[in-house]
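S.K.: Sequence isn't available, so here's the structure alone:
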């Protein structure tokens, strides 16, 4: 990306001299002799940074700064001052200037300031673009992703949500199965009805049966009053049973009856209850293997698995990492009152290189920690937990065993692009492919 820098100064020699220096640093340069002309340039060009004198005819640098801060809040302004005192430049900083230099200008110092300012702007713009993508996903109840795998899941959720079909959500721990269940309910005709969640693994056998189906007074020791179960509470709505693979055979039989006949009895009761519920279940177990082991009923499995939604682990959909990171940075920066707005390239490479055994849940915890540890406005590799940052080696790309050739190619292209700091010509040259081929691959794999 080639940045556009505008020099604003009423002294022609200074204006042109600084322009030449910026061109040598590789920037596109625009010149303006006062603040009024600078505003006209801003209306027709996409400017990334302004270097401006303060004392100028028609429209001063102070007034130009105020208008830029109001109308172009992400645009950095470096102020030059050759008149008055340092207090004038300090006031400009208070008004929103990125930094200031006194005349005569030290070109080396200016070059460093420009690089820093443009790096900050690039991070902010990247974060804003990701945030716009996040906003488009709001209908999916905070499910975040743009990979081919997640787009397939989004399409499937939209297709099955309006139906009455039972749905089994599968995937490793931490991939976001509960969020998929939320989205199905929210996009269904039952969205205004009860949505009851039960985490089966957290309850003992006796407690789970009572929790699901309720009990009558005196049904067991401690049953001092009648209790309505979760199925009864979910009548006309949706019930979500997480970790369905953990339930025992006796409870499996009662769930099977609810699915078949829409009927059950409370524990210790004789009255048959009728319910109308939509059942969504989730598991990180291989239920077919559990059937082979004799711990899960085959007839119940087929009743639950009318539609299967499988969520792949994060290591298989690393294209989703930038969106997830942007969302988590926004959440935890606000929660902790930190000015964190992005993540630098080396830290981003570390996140890509890590295998994420804990999936999205682990990434979320990682970014929360990094935001807390961050001292500036961008997370660095030093802010990441050691388990993530220590896995970073800029000279190698890790490819997990079991990856397909296309997955390995995707990771190599992404890592090379990061290593080349986004320079596509150098990336193509390093990979030994043409630029057109690289662009096609970037589009194919959804790499930005």
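M.R.: On my side now, so go ahead. Computed from a prediction, not measured in an experiment: that's the story for all the values here.
S.K.: what's the domain layout of this protein?
M.R.: 4-134, 145-312, 314-392, 397-448 (automatic domain parsing).
S.K.: As a markdown table, those with mean pLDDT would be great.
M.R.: Shown next, in a markdown table, are the domains of the chain (pLDDT from 0 to 100):
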| stretch | mean pLDDT |
| --- | --- |
| domain 4-134 | 85 |
| domain 145-312 | 92 |
| domain 314-392 | 89 |
| domain 397-448 | 80 |
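S.K.: got TSV for those domains, with mean neighbour count too?
M.R.: For every residue, glycine as well, the C-beta is placed using N, CA and C. TSV is the format used below for those (neighbours: other CB atoms under 10 Å):
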stretch	mean neighbour count
domain 4-134	17
domain 145-312	17
domain 314-392	19
domain 397-448	15
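S.K.: Just the residues contacting stretch 272-283, thanks.
M.R.: For stretch 272-283, contacts defined as CB atoms under 8 Å, 6 or more residues apart in numbering pick out 164, 166-171, 177-178, 180-181, 184-185, 188, 190, 231-232, 234-245, 258-259, 262-266, 304.
S.K.: out of those residues, which are inside strands?
M.R.: Judged by DSSP state E, those include 167, 168, 169, 170, 238, 239, 240, 241, 242, 263, 264, 265 as members of strands.
S.K.: what sits opposite the fifth one in the beta ladder?
M.R.: Partner residues in beta bridges with residue 238, using DSSP bridges, are residue 195, residue 278.
S.K.: need the contact list for it.
M.R.: Applying CB under 8 Å, 6+ apart, the residues contacting residue 238 are 184, 185, 188, 190, 193, 194, 195, 196, 277, 278, 279, 280.
S.K.: Once you drop chain neighbours, what's closest to the fifth one?
M.R.: Take residue 193 and drop its neighbours on the chain: the residue closest to it by CB to CB, 6 or more residues apart in numbering is residue 237, 3.4 Å away.
S.K.: surely residue 225 meets residue 217?
M.R.: Yes. Counting by CB atoms under 8 Å, residue 225 touches residue 217, with 5.4 Å between them.
S.K.: Which parts of the stretch 301-448 of the chain are helices?
M.R.: 321-335, 345-353, 359-373, 386-389, 405-419, 424-431, 435-445 (DSSP state H, counting those that start in this stretch).
S.K.: Nearest residue to the middle of this protein?
M.R.: residue 324 (1.6 Å; CA atoms, centre = their mean).
S.K.: what residues are up against it?
M.R.: The neighbourhood of residue 324, defined by CB under 8 Å, 6+ apart, consists of 144, 145, 360, 363, 364.
S.K.: closest to residue 209 among those?
M.R.: Residue 209 lies nearest to residue 360 out of those, by CB to CB, at 31.8 Å.
S.K.: Identify the residue spatially nearest to that closest one, adjacent ones excluded.
M.R.: residue 176 (5.3 Å).
S.K.: Ends of stretch 184-198, what's the gap?
M.R.: 16 Å (CA to CA, to the nearest Å).
S.K.: For the stretch 1-150 of the chain, which segments count as helices?
M.R.: 12-24, 35-44, 61-71, 86-94, 107-136, 148-160.
S.K.: and the angle for the shortest one with helix 61-71?
M.R.: Per axes from the mean of the first three to the mean of the last three CA atoms, to 10 degrees, the angle that helix 86-94 makes with helix 61-71 is 10 degrees.
S.K.: Many thanks, have a good one.
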